[in-house]
Every structure is written in structure tokens, then in C-alpha cells.
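1. build me a model:
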Amino acid sequence: MAALARMRFLERYGYAAKRVSASNEEHEIEQSVIRHIANLLHCRRGTIPFDPEYGLDEINRFPGQVGSPEAAEICQGIANTIARYEPRAGEIVVDFDGWDERTLSLRFRLSLEIHLPKGKKQLQWHTTVAQARAGV
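-> Numbers count the residues shown, from 1 in each chain. Predicted coordinates for the structure are as follows:
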């Protein structure tokens with residue numbers, strides 16, 4: 001009898017866990033998209049043997065200011081890379097948010113729509129992409 005009661009408890013627990021995981025599915029997808037884009041933005045193109053196009057080109061020149069042609073080119077490259085490698089993302093907008101001369105890093109605002117089982121969700125966040133330093 002104790003084994004039967006224990007089995008029922010585990011069945012109920014398993015059922016509750018399935019309900020919780022179903023309610024967290026959208027959150028898990030959202031986090032997966034964010035992690036994948038972070039990995040994509042911090043990977044340099046040509047460093048992944050199975051797909052040499054994966055990642056971003058090395059950023060050799062820093063845009064002087066928001067709205068400069070260099071900034072627009074970098075933002076477009078990031079948006080194109082995300083669109084190519086993250087199929088769950090749509091309506092991708094990348095804006096240059098300045099650069100830090102001290103750390104040699106560029107700041108960007110990303111806004112994109114992700115496709116979820118029950119619809120779409122808009123995500124926005126800031127990210128920093130650092131330039132590789134010689135000898136480091």
C-alpha cells in the first residue's frame with residue numbers, strides 16, 4: 001500500500017512538474033534566444049570549423065559617433081548575422097549606443113521579436129562587443 005501511495009505521489013508530482021514546465025516554456029525559449037545571440041555576438045567569424053561564417057567580423061575600426069556610416073555598417077552586420085543564425089527572431093533592430101575607448105568595446109541596443117508557441121514577444125536589451133587586443 002505504501003508503494004502504491006508513493007507511486008501516486010510521484011505521478012502527481014510528475015504531472016505538476018509537467019504543468020510548471022509548460023508554463024515556463026516561453027521563458028525557456030526567451031532565455032535560449034538571448035543566450036544564443038550572446039554567443040553569436042561574442043564569436044569571431046572564421047573561428048568555428050563547422051561553419052566559418054558563424055559569428056561577427058572582427059571590428060577593426062571604431063565608429064566615431066552614433067549615426068556615423070561605420071556605426072550603421074556594424075549594426076547592419078549584426079542584424080544580418082542574427083537573422084541568419086537565429087530563426088526564432090524577427091524584426092531585428094540594432095542601434096549603436098557608443099563606445100568605450102578605455103576598454104575598446106562597443107555598446108549596442110538590440111530589439112527583436114521572438115516567435116513563441118502562443119504568439120510573439122518583443123525583447124530589448126543592451127550588449128557590449130569588445131575588440132580583440134593584440135597580444136591578449
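
2. could you pull out the helices for this structure?
-> 2-41, 69-85 (DSSP state H).

3. comparing the ones you listed by mean pLDDT, which bottoms out?
-> Within the helices of the chain, confidence is poorest for helix 2-41, with a mean of 66 (mean pLDDT).

4. what is the burial count for the residue lying closest to V129 once chain neighbours are set aside?
-> Among residues not flanking V129 along the chain, L106 sits closest, at 5.0 Å (Cβ to Cβ, 6 or more residues apart in numbering). Just so you know, the C-beta spots here come from the backbone N, C-alpha and C atoms, and that holds for glycine as well. Neighbour count for L106, taken as other Cβ atoms under 10 Å: 22.

5. also F50?
-> Neighbour count of F50, defined by other Cβ under 10 Å: 5.

6. for it, phi and psi?
-> phi -80, psi -20 (degrees, to the nearest 10).

7. gap between it and A89?
-> Applying Cβ to Cβ, to the nearest Å, the value for F50 to A89 is 21 Å.

8. residues contacting the residue nearest to E25 when sequence neighbours are not counted?
-> With sequence-adjacent residues excluded and distances taken as Cβ to Cβ, 6+ apart, E25 is closest to P117, at 6.5 Å. Neighbouring residues of P117 by Cβ atoms under 8 Å, 6 or more residues apart in numbering: 25-26, 29.
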